[in-house]
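Enquirer: pasting the structure only:
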């Protein structure tokens, strides 16, 4: 049933340009090119991603009511062609409650407000959850200073439209928004079919795992400084797992940013990640980034990356 909804959304989005006068229409996209040197002796030049996003808002006399989003990504030198966020969202009064159906980022931890898909230094969903986007139905909204999201999805990830085992993944987050701080508590339970490229798949040597997670995330804004933290504990099957992330972005100038990261994950031995880099906006929408990330513990690996990234957005 969920996969049929998803296919319907894709077909629907192909008709969006003909509805340009029924509300706002935004077309955005970008390209992500990288040079990566691994351990000093392995060199790769890759188009990490080329993507196009269409976002259509339908409005009535009471405001925005229906939002349709569709995005297609071509990754890894165009070898992987797959959807990114592609969904329909219906907004209740003032957006206090919303219903989303389709393929979306799961509401867990920092993922809820911070997507590092096109950054060099990422968060730890790869080793933690083994899944980032999924196909399902989500209820989300806010009341006073709190925001909430509850998702029921397939647990099958980005590459599959069908539910292969008929199990479901339940994900939820409750957040509190202060003047300069955001704090959230998240939970996850269900069977996850891990992405074939993920470090989690490498650790477990199996395609799926029954996961339980509890997480705490904190984002603090202090002028040019943004501090992010995420702390997690849970189980993979009967094995206890846990870890955390600390990440800092500091604007040295309006165009130059310093990026720092440390993460640890414990599953059948520990993995540690420490990274540092810079991001520079050369022109509007054109970014140059350089970063080095060292992984040590269960495995040792050093990856130095230079990225050229361009993005655009056009409103109609």
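Expert: That came through, no problem. Quick caveat: nothing in here was measured; it's all calculated off a predicted structure.

Enquirer: Helix, strand, or coil at the residue positioned nearest the centre of the chain?
Expert: Nearest to the geometric centre of the chain sits residue 115, at 4.2 Å (Cα atoms, centre = their mean). At residue 115, secondary structure determined by DSSP: H, G, I helix; E, B strand; the rest coil is coil.

Enquirer: who's in contact with it?
Expert: Counting by Cβ atoms under 8 Å, 6 or more residues apart in numbering, residue 115 makes contact with residue 105. Where you see a C-beta, it was placed from the backbone N, CA and C, and this is true even at glycine.

Enquirer: Dihedrals phi and psi, it?
Expert: Torsion angles at residue 115 (phi, psi; degrees, to the nearest 10) stand at phi -100, psi 120.

Enquirer: what's the answer for residue 47, then?
Expert: phi -80, psi 100.

Enquirer: Residue 172 against residue 107, yeah?
Expert: Yes - using Cβ atoms under 8 Å, residue 172 makes contact with residue 107 at a distance of 6.6 Å.

Enquirer: what touches both of those two?
Expert: 149-151, 186.

Enquirer: which one of those residues sits closest to residue 65?
Expert: Using Cβ to Cβ, residue 149 comes nearest to residue 65 of the shared contacts of residue 172 and residue 107, at 19.4 Å.

Enquirer: Just give the nearest non-adjacent residue to the closest one, would you?
Expert: residue 107 (3.5 Å; Cβ to Cβ, 6 or more residues apart in numbering).

Enquirer: same thing with residue 191?
Expert: Leaving aside its sequence neighbours, residue 191 sits nearest to residue 167 (Cβ to Cβ, 6+ apart; 3.7 Å).

Enquirer: Doesn't the one you found belong to a helix?
Expert: No - remark: residue 167 does not belong to a helix; assigned using three-state DSSP, it is coil.

Enquirer: Now name the helix or strand holding the closest residue to residue 296 other than its chain neighbours.
Expert: Excluding the flanking residues, the one nearest residue 296 by Cβ to Cβ, 6+ apart is residue 272, at 5.2 Å. Residue 272 belongs to strand 270-283 when assigned by DSSP states H and E.

Enquirer: Could you pull out the buried residues of the very next helix or strand once past that strand?
Expert: Past strand 270-283, further along toward the C-terminus, the next helix or strand under DSSP H and E is strand 286-297. Buried residues in strand 286-297, defined by neighbour count with 16 or more other Cβ atoms under 10 Å: 287, 289-291, 293, 295.

Enquirer: would you list every one of the helices in this structure?
Expert: Assigned by DSSP state H, the helices in the chain fall at 2-13, 125-128, 199-204.

Enquirer: Show me what the shortest one packs onto, helices and strands only.
Expert: What that stands for is helix 125-128. In terms of contacts (3 or more Cβ pairs under 8 Å, 6 or more residues apart in numbering; DSSP states H and E), helix 125-128 is packed against helix 199-204, strand 239-251.

Enquirer: so which of those gets nearest residue 98?
Expert: So among these, strand 239-251 is nearest, using Cβ to Cβ, at 27.5 Å.

Enquirer: Now do residue 281 against residue 259, distance only.
Expert: Distance check for residue 281 against residue 259: by Cβ to Cβ, to the nearest Å, it reads 13 Å.

Enquirer: Please consider this matter closed, and thank you.
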